[in-house]
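**Q** Make a model of this:
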Amino acid sequence: MPDPNASTNADLAAEEQALKREEFAARLEEARVKLKAASAPRWRAADPLVLAVVAGVLTLAGNLFVAWYNAKETRAQEESRALASLHQLKSKAEDDLLLEREKAKASLILQAVSTNDADTARRNMLFFLDGGLIEDKDARIRAALDKYAPVLPSASGQASAPPTTPDAYESYFWSANLRSDKLAQIDTLIDKLTTAKTRLERVGQAVATPWYVVGALWIEETGGNFSVHLHNGDPLTAQTRNFPRNRPPGWPPPPGVDAWEYSATDAMRVYKLNDLNAARVGEILSRLEQANGIGYQKRGIFSPYLWSGTDLYEKGKYLPGHDFSADAVSQQIGIAALFRRLQDRKLIDFRNAGNAAVASGQNAQ
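**A** Below you'll find the model as predicted:
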């Protein structure tokens, strides 16, 4: 029969073996856990709370860096925009300053020439130029000043006083403007002058005076009539009856001599209009006014005998009987207006006296 003790021992041995296997498995698992723990990152071994704090700190640091970077970029953009804006403002300020300087320059020029007196305008301009108030590096303003003698109407709209010297007459001659409503009338007279130029030239050569001076007197004293005396419009059938009387002294003229030209030659000498220099328009106008009388000059009025038809004359006229009316207006075209139109139409050239007549009547414009 089997031994009961042997069976019990066998069971005990089996249990012992099972416990040992379980113990071995437990130790093996423990070894694996330790091995895994030994090879894992250090942070996994850290306390979770510590890890959470570290993660928060890192997140905050990251956010701060992003915020700093964004702020840096924004500041750079703002600085760039500010610089661009500053550049635009600076450029605009420079443009505005340049514009104001040009306005001031133009204002000074306008002030300088607003005198109705070319001599005064020239002095004013030279003051501004020499004083450095107006820049003229290339001297173009000076050249234009010499060439054109520019003036504008004064604040009152009238010149302060009529001319009394040849230079003043010349200045006013170049500064005066022809009235647009008188141009047709002036041109009719100019055409009449150029048509009669040959006869006028013969008289002019006899007294050493430009033909257009003879022609101007012919228009003013006779209305352009070759059948009357140039002195005063009396008929050529006898000596003059009105002032100057009994002219010419030797009358009738010698046989074969043109009666009008003979009388006209005497008239030019009587009025001291002989030996006139074509280059000196101021002297010519001065002598013409003296020949007609300086009554207007004494009254401070621009004589219609010279200036009617220009913007220098408005009103004031001696009536028949030598009575003066301050409100009467002369309808006659003045000599200065005739000369200016001859100049404008290039029929004479006061600026180049060597060629006083640069075109014939056939070239009238």
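
**Q** C-alpha from now on. contacts and neighbour counts both.
**A** OK.

**Q** For the stretch 151-300 of the chain, give me the ranges with low pLDDT.
**A** 151-160 (pLDDT under 70).

**Q** Any idea which residue is closest to the centre of the protein?
**A** Ala106 (6.8 Å; CA atoms, centre = their mean).

**Q** For the longest helix belonging to the chain, name the packing helices and strands.
**A** When the chain is scanned for its longest helix (criterion: DSSP state H), the result is helix 48-113. With contacts taken as 3 or more CA pairs under 8 Å, 6 or more residues apart in numbering; DSSP states H and E, helix 48-113 sits against helix 118-130.

**Q** and the angle for the helix it packs on with helix 48-113?
**A** 150 degrees (axes from the mean of the first three to the mean of the last three CA atoms, to 10 degrees).

**Q** Show the secondary-structure elements that helix 118-130 is packed against.
**A** Looks like helix 118-130 contacts helix 48-113, helix 166-175 (3+ CA pairs under 8 Å, 6+ apart).

**Q** Distance to Gly224 for those helices - can I get that in JSON lines?
**A** Rendered in JSON lines, the data for the helices and strands packed on helix 118-130 read as follows (distance: least, CA to CA, whole Å):
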{"stretch": "helix 48-113", "distance to Gly224": "37"}
{"stretch": "helix 166-175", "distance to Gly224": "23"}
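
**Q** Report the rounded mean pLDDT for the longest helix of the chain.
**A** Averaging pLDDT along helix 48-113 yields 79.

**Q** same check, this time on stretch 302-322
**A** Here the average pLDDT along stretch 302-322 is 92.

**Q** Output that stretch in PDB with nothing but the alpha carbons.
**A** Taking Å, rounded to 0.1, in the frame of the first residue of the first chain, the C-alpha atoms of stretch 302-322 are listed here in PDB:
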ATOM      1  CA  PHE A 302      -0.900 163.000 -70.000                       C
ATOM      2  CA  SER A 303      -1.300 165.000 -73.200                       C
ATOM      3  CA  PRO A 304      -3.800 163.400 -75.600                       C
ATOM      4  CA  TYR A 305      -1.700 164.800 -78.400                       C
ATOM      5  CA  LEU A 306       0.800 162.000 -77.500                       C
ATOM      6  CA  TRP A 307      -1.000 159.500 -75.400                       C
ATOM      7  CA  SER A 308      -4.600 159.300 -76.500                       C
ATOM      8  CA  GLY A 309      -5.300 155.700 -77.600                       C
ATOM      9  CA  THR A 310      -3.100 154.300 -74.700                       C
ATOM     10  CA  ASP A 311      -3.900 153.400 -71.200                       C
ATOM     11  CA  LEU A 312      -2.000 156.500 -69.900                       C
ATOM     12  CA  TYR A 313      -4.700 158.900 -71.100                       C
ATOM     13  CA  GLU A 314      -8.200 158.800 -69.800                       C
ATOM     14  CA  LYS A 315      -9.700 162.300 -69.900                       C
ATOM     15  CA  GLY A 316      -9.000 166.000 -69.900                       C
ATOM     16  CA  LYS A 317      -9.000 168.200 -73.100                       C
ATOM     17  CA  TYR A 318      -8.600 171.700 -74.300                       C
ATOM     18  CA  LEU A 319     -11.700 172.800 -76.200                       C
ATOM     19  CA  PRO A 320     -12.000 175.300 -79.000                       C
ATOM     20  CA  GLY A 321     -11.200 178.700 -77.600                       C
ATOM     21  CA  HIS A 322      -8.500 177.200 -75.400                       C
END
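
**Q** Which positions within that stretch qualify as buried?
**A** 302-318 (16 or more other CA atoms under 10 Å).

**Q** Sort out for me which of the residues you listed are in strands.
**A** Counting by DSSP state E, the part of the buried residues of stretch 302-322 found in strands is Lys317, Tyr318.

**Q** what about stretch 242-249, how long is it end to end?
**A** 14 Å (CA to CA, to the nearest Å).

**Q** er, stretch 111-126 actually
**A** End-to-end distance (CA to CA), stretch 111-126: 13 Å.

**Q** Tell me where the stretch 201-350 of the chain has strands.
**A** Listed in chain order, the strands of the stretch 201-350 of the chain (DSSP state E, counting those that start in this stretch) span 317-319, 323-325.

**Q** Could you take the ones you listed and lay them out as CSV, with extra columns for distance to Ser175?
**A** Shown next, in CSV, are the strands of the stretch 201-350 of the chain (distance: least, CA to CA, whole Å):
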stretch, distance to Ser175
strand 317-319, 23
strand 323-325, 27
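
**Q** So which of the ones you listed is nearest Arg287?
**A** strand 317-319 (19.6 Å; CA to CA).

**Q** Parallel or antiparallel, which strands does the closest one pair with?
**A** strand 323-325 (antiparallel) (DSSP bridges).

**Q** Just checking the distance from the partner strand to the centre of its chain.
**A** Once both centres are worked out by CA atoms, centre = their mean, to the nearest Å, strand 323-325 turns out to sit 43 Å from its chain's centre.

**Q** And the contacts of it?
**A** Gly316, Lys317, Tyr318, Leu319 (CA atoms under 8 Å, 6 or more residues apart in numbering).
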